[in-house]
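Engineer: Just the structure for this:
(one chain, ligands or ions: 1)
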Amino acid sequence: MQHKILLPEDEMPDKWYNIQADIEVPPPLNPATKKPIEAKDMQPIFPKEFLHQEMSRQRWIEIPDEVMEIYAIWRPSPLYRAINLEKYLKTPAKIYYKWEGVSPPGSHKPNTSVAQAYYNANEGISRLTTETGAGQWGSALAFACQFFGLECTVYMVKCSYEQKPYRRILMQTWGAEVVPSPSDRTEFGRMIREKDPETPGSLGIAISEAIEDAVKHEDTKYSLGSVLNHVLLHQTIIGLEMKKQLEMIGEKADVICGCVGGGSNFSGGIFPFIPDKLKGEEIKFVAAEPKACPSLTKGIYTYDFGDTAKQTPLLKMYTLGHNFIPPAIHAGGLRYHGDAPALCKLVNDGFVESVAYYQTEVFEAAKIFTQTEGFVVAPETAHAVKAAIDEAIRCRESGEEKTICFVNSGHGHFDLAAYDAYNNGLLKDYEYPEELIKEAVKELQ
Ligand SMILES: *Cc1c(COP(=O)(O)O)cnc(C)c1O
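Structural biologist: Predicted coordinates for the structure are as follows:
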């Protein structure tokens, strides 16, 4: 039986799929006027091409040759059949995973960072700023910037900066400057530190700092690793390749699972299958998130800011409130208060289901995966593994021979401390208390 389904290099898709051709994504609003923002409002932050991609209704968007050439370092990525996991679970289902851990930074994130670095360099920008949680996004951007001669400043959430030195070293090795956030580099960072010197930081705060830095420097733009339409667009390379790989072996997905932080890897995996679903095909999409940061399962669907300092436009999304500071769980990349508006729209319309898990059950699933399939997955990805395993167990109980796919968003080689904690029974479960969520979202309603 075949473990690995490889797409020939010359069959790599050369266009991204734009979901906005097929669904209406609520537009970002200008917080002052409550009207849809105009491209010029965003020009201090993003290059022109993104503003175009953010709002475009064009179904297919050409991937520039320069981006294709760098993608070719690790793409097309393999699709694996998880044969040993199937056997272990005694499920009649088939399980496939799209392995994004083969990229040099080890996750799906360079699918967009390379595109972002390219467009910025092309428009004469010399430095990019960004935030990073667990360090995956920062390292993906640091990796991409070098190819196009860009400087890179990464505001890294303080608790991750302290917990994950290896990601910091990786970013610095790729030439980036890494600053723990909140920092004293920005007005906003200084203010937060004064109020709460012990804060673990949050993605919301780090985003605010990175934006402030970009706005205050002419040659500098800001780069976001998830949530926005153009990021999800670049990630559709995942689902487009997966679709071709399934076709190559005569398979059709019945279920696609993925983990959701801001929603980019999961959206990238499922969006190319949405037109089939809209045509009435039966395919189930499952978004998995932590119970410690349950935006899709417990948040409210409303307009909210993307960052703590309220510098971003208002985005229509499932949110826990822009002041939400999630507990320091190991899946740092899933600690974001909101989710991509395009994905939230699909959840709200009932096209995508969502589920939330505890930390320990997620690591239990990851360990089963490692012991059957061999790869050590990132703690974020472990949520997708858990969702796929749950689906496969349901098939065992019902006898259904479904085809279950999941996006395996990255490896966990820099997260071994988290595995160590799990192996030694030290991992704590945490569910964000309902009352606190209600309080956090009260001011939004
Ligand atoms: C960043 C990250 C995530 C979460 O981000 P999304 O935008 O939701 O994809 C998931 N898995 C890995 C490995 C990551 O690095």
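
Engineer: gap between the residue nearest to His217 when sequence neighbours are not counted and the ligand?
Structural biologist: With CB to CB, 6 or more residues apart in numbering as the criterion, His217 has its nearest non-adjacent residue at 7.1 Å, and that residue is Arg127. For the C-beta atoms, the positions are set from N, CA and C on the backbone; glycine is no exception. Distance of Arg127 to the ligand, given as CB to the nearest ligand atom, to the nearest Å: 22 Å.

Engineer: ok, now Gly425?
Structural biologist: Counting by CB to the nearest ligand atom, the gap from Gly425 to the ligand is 25 Å.

Engineer: residues near that residue, how many?
Structural biologist: 7 (other CB atoms under 10 Å).

Engineer: who touches it in this structure?
Structural biologist: If you count contacts by CB atoms under 8 Å, 6 or more residues apart in numbering, Gly425 has none.

Engineer: Check it and give its pLDDT.
Structural biologist: With respect to pLDDT, Gly425 scores 95.

Engineer: Helices along the stretch 151-300 of the chain, start to end?
Structural biologist: 158-163, 165-173, 187-195, 203-215, 229-248, 264-270, 274-278, 295-298 (DSSP state H, counting those that start in this stretch).

Engineer: and of those, who's closest to Asp14?
Structural biologist: Nearest to Asp14 among those is helix 229-248; the distance by CB to CB comes to 9.7 Å.

Engineer: Pull out the buried residues from the closest one.
Structural biologist: For helix 229-248, burial by neighbour count (16 or more other CB atoms under 10 Å) applies to 229-246.

Engineer: Next: stretch 402-415.
Structural biologist: 402-412, 414-415.

Engineer: and it, how far out from the chain's middle?
Structural biologist: 12 Å (CA atoms, centre = their mean, to the nearest Å).

Engineer: do the same with stretch 26-36
Structural biologist: Centre-to-centre, stretch 26-36 and its host chain are 24 Å apart (CA atoms, centre = their mean).

Engineer: List the contacts of it.
Structural biologist: Contacts of stretch 26-36 (CB under 8 Å, 6+ apart): 37-38, 41, 55, 303, 305, 310, 312-316, 341, 345.

Engineer: Highest neighbour count among those residues?
Structural biologist: Neighbour max across the contacts of stretch 26-36 (other CB under 10 Å) = Thr312, 26 neighbours.

Engineer: if I pick the residue positioned nearest the centre of the chain, what's in contact with it?
Structural biologist: Centroid-nearest residue in the chain, with CA atoms, centre = their mean: Ser264, separated by 3.9 Å. Applying CB under 8 Å, 6+ apart to Ser264 gives the contacts 108-109, 112, 225-227, 231-232, 235, 340.

Engineer: Compile those into CSV and extend it with columns for distance to Tyr432.
Structural biologist: Below are the contacts of Ser264 laid out as CSV (distance: CB to CB, whole Å):
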residue, distance to Tyr432
His108, 26
Lys109, 25
Thr112, 28
Gly225, 23
Ser226, 20
Val227, 20
Val231, 25
Leu232, 25
Gln235, 27
Ala340, 20
